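> Generate a structure from the sequence data that follows.
(chains A and B)
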Amino acid sequence: MAGEKTFYQEYEVFSKRTPTASFQHQFSLLAPNEDMAFVLAQENFMRREPVADIWIMNRKHIRGLNEEEKMSLSRIDNKDYRETKGYGYLRKKWREYEQNMLDEKEILGGGGK
Amino acid sequence: MTGVLAMTEEDQMDRFMERIEAGEKIEADDWMPEEYRITLIKLISMHGISEIMGALPEKEWVPKAPSLRRKLGIMAKVQDEMGHGQLLLRVAEDLLKPYGKNRGDIMQDLFNEDLKFHNVFHMETKTWADAGLIGWLVDGAAIITQTDMLKASYGPYARALQRICAEEVFHAQHGEAIIMALAEGTEEQKALIQEALNRWWEALLMFFGPASKSTTGSTKQDATIKYKIRTKTNEDFRQMFFDRYIPRILSLGLTVPDPTLHYDEAEKVWKYAQPDWTEFKKIIRNEGPRSQERLNLRRHSYEHNAWVRDALAAVVN
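From the prediction side, this is the model:
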């Protein structure tokens, strides 16, 4: 197997279904080079679903978090000042002024008629 | 917070089991006990190799499919099986890394007969009805065991199975379509399915493995359940298979080749004649009807295609 140690490289494959979609991680594959990685990505993961774009990334260029670093990601549930749920009392307030609270859809709707 | 890497092995084990119990997913780079890693390597490399070996009995039917549409359908299925093998070997390879091994070693283990492939793929296919029956009932059986592991504690395996199961639905329907066409065909065609069912019945029972390790001396059931890789026993799966398929088999006017088969209302289980477990033991020693032919085909194709791997290696860097 000695000859094969340098043969394959590990690629992570990302793709998106439509031009407006976000890229999604699909899976990993082994290929000797980028051209083969693109061919295999389509053969392995995109035999049926529509696809608008593909990224391949050599694993050696990815820096992920290790198990210990991932533990630092857990959050304490005290961030409601950053979220709309921290301002829910406004609904009741506006009612006192005989107004409806603008919901997210109206705020993002651009205000036009 | 004590760092994971600074923990004693005992504390790491406790934390690992807590994570599993909490339904967390274990990833390739996470700490895991040796037993977990070895259990996964055995399970997933055998699963991956079985996908590839399973394509062999089916590919025999590509040139013999009765119409262009059927030919395209079965070719797509064979390609999917090879694709599933690719996904699973990737998962196994990441687990094998600490041992410095890769898919070449998995292939050698298969050739040396240290790694087994699934017992159902050692069987012979005689007619087009066998091709249909494999899709309908063998893939149907595989769907039962694989969907049980969709929530497996090992994240990469669970994600691979999600992709695989989505395609298995097509495989089952592809098989059903072949069976349905024969079931609604001539008397001769109907007889083909009955003969195929008679031939495959024992293999379908063996598919799920023996109920306990007393039959073959070992079973992977216990470790896989302990580590929440799967939730049900071999016998649970076999009973689910009966629930799902016996009414459908009978509805097509077919007869199950086991006169003792019946549903016991009191015990709420299907009673059935045990398959010949001595035959099963022979099969898992690669002494089944087509074991050596299929292994030789794989060996031959690996050697025959070595030049492709060599050619691609030559242009690296």
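> So which bits of chain A are right by chain B?
For chain A, the residues in contact with chain B (C-beta under 8 Å from any C-beta of the partner chain) are A:1, A:3-9, A:27-30, A:32-33, A:36, A:40, A:43-45, A:47-48, A:64, A:66-68, A:71. C-beta coordinates here come from the backbone N, C-alpha and C atoms, glycine included.
> Break chain A down into its structural domains.
A:8-61, A:79-113 (automatic domain parsing).
> which one of these is the most hemmed in?
domain A:8-61 (a mean of 16; mean count of other C-beta atoms under 10 Å in any protein chain shown).
> Just the endpoints, please. Distance across that one?
One end of domain A:8-61 sits 15 Å from the other (C-alpha to C-alpha, to the nearest Å).
> And it, how far out from the chain middle?
For domain A:8-61, the separation from the chain centroid amounts to 15 Å (computed by C-alpha atoms, centre = their mean, to the nearest Å).
> for it, what is the average pLDDT?
Averaging pLDDT along domain A:8-61 gives 95.
> Likewise for stretch B:14-27?
On average, stretch B:14-27 scores 95.
> buried ones in it?
Neighbour counts using 16 or more other C-beta atoms under 10 Å in any protein chain shown place B:Arg15, B:Phe16, B:Arg19, B:Ile20, B:Lys25, B:Ile26, B:Glu27 of stretch B:14-27 among the buried residues.
> out of these, who's nearest chain A?
Nearest to chain A among the buried residues of stretch B:14-27, counting by C-beta to the nearest C-beta, is B:Glu27 at 7.8 Å.
> Just send the buried residues of stretch B:14-27 back as JSON lines, with secondary structure and distance to B:Ile246 too.
Converted to JSON lines, these look like this (DSSP: H, G, I helix; E, B strand; the rest coil; distance: C-beta to C-beta, whole Å):
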{"residue": "B:Arg15", "secondary structure": "helix", "distance to B:Ile246": "45"}
{"residue": "B:Phe16", "secondary structure": "helix", "distance to B:Ile246": "41"}
{"residue": "B:Arg19", "secondary structure": "helix", "distance to B:Ile246": "40"}
{"residue": "B:Ile20", "secondary structure": "helix", "distance to B:Ile246": "35"}
{"residue": "B:Lys25", "secondary structure": "coil", "distance to B:Ile246": "36"}
{"residue": "B:Ile26", "secondary structure": "strand", "distance to B:Ile246": "37"}
{"residue": "B:Glu27", "secondary structure": "coil", "distance to B:Ile246": "40"}
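> from the residues you listed, which are also near chain A?
B:Glu27.
> Leaving out chain neighbours, which residue sits closest to B:Gly175?
Sequence neighbours aside, B:Gly135 is the residue nearest to B:Gly175 in space, at 2.0 Å (criterion: C-beta to C-beta, 6 or more residues apart in numbering or on different chains).
> no no, B:Ala160
Nearest to B:Ala160 is B:Leu87, by C-beta to C-beta, 6+ apart, at 4.5 Å.
> In which helix or strand does that neighbour reside?
Using DSSP states H and E, B:Leu87 maps to helix B:68-96.
> for that helix, packing partners?
strand A:24-31, helix A:34-45, helix B:34-59, helix B:103-111, helix B:155-183 (3 or more C-beta pairs under 8 Å, 6 or more residues apart in numbering or on different chains; DSSP states H and E).
> so the third one versus helix B:103-111, what angle?
Calculated by axes from the mean of the first three to the mean of the last three C-alpha atoms, to 10 degrees, helix B:34-59 forms an angle of 70 degrees with helix B:103-111.
> If we go by neighbour counts, what in helix B:34-59 is buried?
B:36-37, B:39-59.
> before we move on, the earlier item: as CSV, the helices and strands packed on helix B:68-96 with distance to A:Trp94 would be great.
Shown next, in CSV, are these (distance: least, C-beta to C-beta, whole Å):
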stretch, distance to A:Trp94
strand A:24-31, 39
helix A:34-45, 49
helix B:34-59, 55
helix B:103-111, 63
helix B:155-183, 45
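> Can you say which of the ones you listed is nearest to B:Lys268?
Of all the helices and strands packed on helix B:68-96, helix B:155-183 sits nearest to B:Lys268, with 25.7 Å by C-beta to C-beta.
> how about that closest one: buried residues?
Result for helix B:155-183 [16+ other C-beta under 10 Å]: buried residues B:156-161, B:163-165, B:167-168, B:170-172, B:174-179, B:182-183.
> just checking, what packs against it?
strand A:24-31, helix B:68-96, helix B:128-133, helix B:139-148, helix B:187-206.
> of the buried residues of helix B:34-59, list those near chain A.
Of the buried residues of helix B:34-59, not one also sits near chain A (C-beta under 8 Å from any C-beta).
> Report how many residues lie close to the closest residue to chain A within the stretch 51-200 of chain B.
Here the stretch 51-200 of chain B gets closest to chain A at one residue, B:Gly104, 4.4 Å apart by C-beta to the nearest C-beta. B:Gly104 has 18 neighbours, counted by other C-beta atoms under 10 Å in any protein chain shown.
> For it, give me the pLDDT.
On the pLDDT scale, B:Gly104 gets 90.
> what do you get for B:Thr215?
You'll see B:Thr215 listed with a pLDDT of 69.
> can you check A:Glu106 too?
A:Glu106 is assigned a predicted lDDT (pLDDT) of 85.
> Give me the secondary structure label for it.
What DSSP: H, G, I helix; E, B strand; the rest coil gives for A:Glu106 is helix.
> Relative to B:Asp243, how far out is it?
51 Å (C-beta to C-beta, to the nearest Å).
> got it, and B:Glu124?
Applying C-beta to C-beta to B:Glu124 and B:Asp243 gives a distance of 28 Å.
> where does the stretch 101-250 of chain B come near chain A, residue by residue?
For the stretch 101-250 of chain B, the residues in contact with chain A (C-beta under 8 Å from any C-beta) are B:Asn102, B:Arg103, B:Gly104, B:Asp105, B:Gln108, B:Arg159, B:Ala160, B:Arg163, B:Glu167.
> got a list of what the last one touches?
Yep, that's B:Glu167 we're talking about. Contact analysis of B:Glu167 by C-beta atoms under 8 Å, 6 or more residues apart in numbering or on different chains lists A:Arg48, B:Asp80, B:Gly83, B:His84.
> what about it, distance to B:His118?
For B:Glu167, the distance to B:His118 - C-beta to C-beta - is 17 Å.
> which stretches of chain A form helices?
Using DSSP state H, the helices assigned to chain A run over residues A:34-45, A:67-71, A:90-96, A:104-108.
> Now tabulate those helices in JSON lines and tack on distance to B:Arg70.
Shown next, in JSON lines, are the helices of chain A (distance: least, C-beta to C-beta, whole Å):
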{"stretch": "helix A:34-45", "distance to B:Arg70": "22"}
{"stretch": "helix A:67-71", "distance to B:Arg70": "49"}
{"stretch": "helix A:90-96", "distance to B:Arg70": "61"}
{"stretch": "helix A:104-108", "distance to B:Arg70": "51"}
